[in-house]
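# Just a sequence and a predicted model for now, questions to come.
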Amino acid sequence: MSLIQEARAREGMLAQPGTAPQPAAWSVTEQPWAWAVAALLLIMPLIANGFFLIEIFGTTLILGTIALSLMFLAGYGGMVSLMQLTIAGFAGYMVAVFGVSGNANISLGWPWWLATPTALVLAVLFGTLGGALAVRTEGIYTIMITLAIGAAFYYFTNQNWAIFNGHTGINTIATPHFLGIDWRSDIAFYYLTLAVAVACYGVVLYLSRAPFGLALQGVRDNPRRMAALGFNVNAHRIAAYAFAALIAGLGGVLQVWNYRQISPGSVAVERCIDILIVAVVGGVTRPVGAYIGAFIFVMLRTFALDFLVKVGLDGNRFRLLIGLGFLAIVFWSSDGVIGLYERWRRRGQHRDTRPGGHGHG
């Protein structure tokens, strides 16, 4: 049983033979803490400085959006793709190539409102082609072929100078200005990333309950039965890759606007695996898990180095701390932090429903 299947089974999301499929145990919108977090995100520019606003929360929203594309494929389609960061990087590169940058010999100089949609369309085509290759495989082979696509793109960008400017990358990429607003200023860019994240999250939730999403989940659980019922299994899977590529592409555009540069290091193989870590740590069976995992990852990546130095260890080993945290969460819960919360919540409800549960003996 895979990690995803185990998580769905524990949460009661897989139906037993002869029973109807069970819905998720809880909805984010029904949780009081969710509304508190939403309110906090809205007023964040009033209480956070520029560093926390962009480097912590803005980066969390961007990485969470890219991880959301992986969560959609893995959680609803049963397809673990390691090329989602590659698609995001491809979209970022296309923004740099078609838009305006400090490398005038490479960039075509198109305005942002033309370069950005072009980059997203190309990213969707790239993700669809990769998905068409990946759907011919299953399980570990899907992981390997998507990882191979990511590795191939990394080495291609590193060695190609005519389009991607080699290992130097493309710098000083122009960011959008319209309605009299510089959308790369801290507050404007934060609200832009928040709006994109909320939109992507909402669309994923809607699709999970729409006919396409339900059919995709049926393909995930029993592709042979779905094929026997007349559903085109591969077509649904490729369409899922195309939709996930759009989400990843949006995250890639925001990422290149955030840093104003992109290089092969942005699409390296270890970055692809980072997105998998983000999705699994948060909880790969629910959309909100992508953003929870991204927040944990960003906090560890930002502050683990200083923590290790303070306790007398080599700060360069901060990835070891991230890895240990990843192992600890996966060991205790196959559905990440969301699974831990759900287990704690059920345990509390069980205590309250027992006779004398509200007393102390």
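Arrived safely, thanks for sending. Since this is a predicted model, take the numbers as computed values, not measurements.
# going forward, measure contacts between C-alpha atoms and count neighbours the same way
Noted.
# for the stretch 151-300 of the chain, which spans come out with low pLDDT?
Across the stretch 151-300 of the chain, nothing is flagged by pLDDT under 70.
# all strands of it, in order?
177-178, 181-182 (DSSP state E, counting those that start in this stretch).
# Run through who's touching the first one.
When you say that, I think you mean strand 177-178. Trp183 (Cα atoms under 8 Å, 6 or more residues apart in numbering).
# hmm, back to that, can you list the strands of the stretch 151-300 of the chain in TSV and add distance to Trp332 and mean neighbour count?
What follows is the strands of the stretch 151-300 of the chain, written out as TSV (distance: least, Cα to Cα, whole Å; neighbours: other Cα atoms under 10 Å):
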stretch	distance to Trp332	mean neighbour count
strand 177-178	47	11
strand 181-182	45	12
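# Include distance to Leu305 when you put the ones you listed into JSON lines, please.
Output for these, formatted as JSON lines (distance: least, Cα to Cα, whole Å):
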{"stretch": "strand 177-178", "distance to Leu305": "36"}
{"stretch": "strand 181-182", "distance to Leu305": "33"}
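# Between these, which one is closest to Ala228.
Closest of these to Ala228 is strand 177-178, at 51.7 Å (criterion: Cα to Cα).
# Could you list the paired strands of that closest one along with their orientation?
strand 181-182 (antiparallel) (DSSP bridges).
# Not counting the partner strand itself, show me its contacts.
So strand 181-182 is in contact with Thr175, Pro176, Ala188, going by Cα under 8 Å, 6+ apart.
# Which ones among those residues lie within helices?
Ala188 (DSSP state H).
# so can I have a markdown table of the contacts of strand 181-182 showing neighbour count?
Output for those, formatted as a markdown table (neighbours: other Cα atoms under 10 Å):
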| residue | neighbour count |
| --- | --- |
| Thr175 | 21 |
| Pro176 | 15 |
| Ala188 | 14 |
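# hmm, back to that, closest to Ile47 out of the strands of the stretch 151-300 of the chain?
Of all these, strand 181-182 comes closest under Cα to Cα, at 21.1 Å.
# Just give me how far that closest one sits from the chain centre.
Averaging C-alpha positions (Cα atoms, centre = their mean, to the nearest Å) puts strand 181-182 27 Å from its chain's average.
# now swap in stretch 207-219 and tell me
19 Å.
# Contacts only, for the residue positioned nearest the centre of the chain.
The centre of the chain sits closest to Ala67, judged by Cα atoms, centre = their mean, with a distance of 1.0 Å. Ala67 makes contacts with Gln84, Ala248, Ile275, Leu276, Val278, Ala279, Ala290, Tyr291, Ala294, as judged by Cα under 8 Å, 6+ apart.
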